[in-house]
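Student: Build the 3D model from these lines:
(chains A and B)
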Amino acid sequence: MNNFSSAEDYIVKTLDLWKVYGRGRLAFSALKGVNLKVKRGEMVAVVGPSGSGKSTLLNLLGALDHPTKGKVFIDNIDIFRLGDNALTELRNRKIGFVFQSFNLIQRVSALKNVEIPLMMRNISREKRRRLAVAMLKAVGLDGKFNHKPTELSGGEQQRVALARALVVRPSILLGDEITGNLDSKTSMEIMELIRRFNKTLKTTVILVTHNMQIAKQTDRIVYLRDGMVEREEILNRKV
Amino acid sequence: MVKLIDILDFAWSGMRDRKLRTALTILGIVIGSSLIVALISSTQGLSTGITERVSRMGVTTISVFSVNPTLRLTDEDVMRIERVEGVKTVIPFYRVFAKVSCGEKTLDQIQVLGIDPEKLFELLNGLELESGKTPSSLDQARAIIGYTVANPPDLDTKFADLNHVINIEVNVFRRGRILKITHPFLVSGVLKQYGATMLGDIDNTVFITPLAAKSMVKRTHYSGLFIIAESLDDVDPIVKSLTDMYGRKVRVISPSTILQNVQQILYQQTVFLGSIAAISLIVAGVGIMNTAYVSVMERTREIGILKAIGFKKRTIMILFLSESVLTGLIGGVIGVAFGCILALSMGNILPRFRPPAPKRMVGGHVQLPVQISPELLIFTVLFTVAIAVLAGVYPAWKASKLDPVAALKHE
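Tutor: Okay, here's the model as predicted:
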């Protein structure tokens, strides 16, 4: 733990993170000892060619997957030492996910989609509805609460997904190619929203992308290649 | 922990999303559970009905019928049996089916029993006259009529009443020819409603004295004998003596053995039909399992999303299990309601299907009573839900075990 004497500055840290798929000759190392530190409130882009291990890294940071070796600390908690339920709870309380393909539940309304993460909390239905409505308004979807995802455009669906990720006020927002299915204008609108939430809600943002235009709107770019951090580029030093 | 109401709400939205599949799965459950209710209710009703009917004759009453043309039961047999230990009394009777008319009105296929009027009341517990009085046992011109004979349901007016004359027309076989012979009788008594017994439907019977019956049918042997034992303990020894005396030429029936047999048969029937119904419910359970499994496959991505959002394994399992339980519960409740309707209509329809000429057999008109017990209804719903739980557990467990990363990539 000596390496992390100033740990409180960092909301996310990885320590020699390895992820190996398969065994023996067929074994493939997606991550080869990644060390990454992200400050609270920072907005980081992880870029790299496909197969560089970006998504694997994101899945590990979001506790969706387990590493072969190494550690992930979130708020100084060594998350993979937690039990299954505690890990799930951590995911619910501290992490918000946004995906390339939106991943909304198609059969329920936009409002219901945003309410789902709140179902895990012990709050009344009325309060849940209020929070979800406020969040949908914040992402600019006023008046489309009862629309089902199929009745919304790609940009609108991603706004719903963003609202769903942020409604629980997570410390960290993880995005996996979130503008991959959107045109450039809509992409910029979504990025604008994320930047706003990063500023107002102090949400730490980690985005995986291969779109440099998106990456350049963050504070720092981490270049990943062959499962290792190749270099970092600081665009905006945050205090 | 997610609230139950939210779980049910979410499960319900999942079921509504695939309306036809949900409806078909529920239909399977409805068929299974309604069969259980309908089949068990009607056999239980039948059992109660028959028990009631047999018990009316008194459990110490034994009936003897000749089943061999060479054996003709006569007064000699009556006297012989009366000497058997434990026998209290022997009541011989004639039985024919006849056309009965009163004025212009005619009733076909009415049972006419020639039996000692005084002993009739000893034989049938609770039988009472509505009006009039019983003729003496030597009277050859008076008859007592049953309630339905006096008031046939398909006639607007009474068929016959006290002091009316009725004509009984019987077929008599003589010198190779069938003769129709009519005898007039004065109605001296009308019975209160009684119902069906071992002696047939008492309400649809005309009672005359054995003497009158003997001269009417022109034969000296009886249709059968009723033996009343001193006590229940005497029944079996008497049955044994009768078998020793007549061998297989007679059929000896005692209510206690009938009850035992009937109850055993009906119990077996209940178990048998109940099992068939239960199997159909289990098949419906397989339907639930199939639906739940397909649902898990189809919603793999949704499961991945829920896991990413922070739904615990247990919550996901409960979520999918509650879809199965809800399917079972809805199917069970509809099925039980439908089963009651089915049982009641079976009670009305089934008696119309009967073997040829049952009127000539012991029994007569059968009404199938239906006995729907609340316990059966509750049991059926619980059983249905239990099957739904069993069927839903594996798919729900599968859902909870899905790897979130793989599930999110699922197309």
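
Student: and chain A, which of its residues are near chain B?
Tutor: With the criterion set to Cβ under 8 Å from any Cβ of the partner chain, chain A comes near chain B through A:59, A:62, A:64-65, A:84-85, A:88-89, A:91-93, A:95, A:97, A:99, A:103-105, A:107-108, A:112, A:116-117, A:119-120, A:122, A:125, A:164, A:168. From N, CA and C alone the C-beta is placed, and that goes for glycine too.

Student: Just the buried residues of those residues.
Tutor: The neighbour-count criterion (16 or more other Cβ atoms under 10 Å in any protein chain shown) marks A:59, A:62, A:64-65, A:88, A:91-93, A:95, A:97, A:99, A:103-105, A:107-108, A:112, A:116-117, A:119-120, A:164, A:168 among the residues of chain A next to chain B as buried.

Student: Return the subset of those residues lying in strands.
Tutor: Counting by DSSP state E, these place A:Ile95, A:Phe97, A:Phe99 in strands.

Student: Let me have these in TSV, extended by pLDDT.
Tutor: Shown next, in TSV, are those (pLDDT from 0 to 100):
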residue	pLDDT
A:Ile95	95
A:Phe97	94
A:Phe99	92
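
Student: and the residue nearest the centre of chain A, bridged to which residues?
Tutor: In chain A, the residue lying closest to the centroid (Cα atoms, centre = their mean) is A:Leu174, at 0.6 Å. With DSSP bridges as the criterion, A:Leu174 is bridged to A:Phe97, A:Ile206.

Student: That one against A:Ala63, yeah?
Tutor: No: using Cβ atoms under 8 Å as the test, A:Leu174 is too far from A:Ala63 to be in contact (10.0 Å).

Student: Need the residues touching each of these two.
Tutor: Residues touching both A:Leu174 and A:Ala63 (Cβ atoms under 8 Å, 6 or more residues apart in numbering or on different chains): A:Ile95.

Student: ranges for the strands of chain A?
Tutor: With DSSP E as the criterion, chain A has strands spanning A:10-21, A:28-39, A:43-47, A:69-74, A:77-78, A:95-99, A:172-176, A:204-209, A:220-225, A:228-234.

Student: Throw the ones you listed into CSV and include distance to B:Leu35, thanks.
Tutor: As requested, the strands of chain A are exported to CSV (distance: least, Cβ to Cβ, whole Å):
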stretch, distance to B:Leu35
strand A:10-21, 52
strand A:28-39, 56
strand A:43-47, 61
strand A:69-74, 56
strand A:77-78, 57
strand A:95-99, 48
strand A:172-176, 52
strand A:204-209, 57
strand A:220-225, 63
strand A:228-234, 67
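
Student: re earlier: now, the residues of chain A next to chain B that are in helices?
Tutor: When the residues of chain A next to chain B are checked against helices (DSSP state H), the matches are A:Asn59, A:Asp84, A:Asn85, A:Thr88, A:Glu89, A:Arg91, A:Asn92, A:Arg93, A:Lys112, A:Arg125, A:Arg164.

Student: pLDDT on stretch B:291-310, on average?
Tutor: The average pLDDT within stretch B:291-310 is 92.

Student: in that stretch, what counts as buried?
Tutor: Across stretch B:291-310, burial judged by 16+ other Cβ under 10 Å covers B:291-293, B:295-296, B:299-310.
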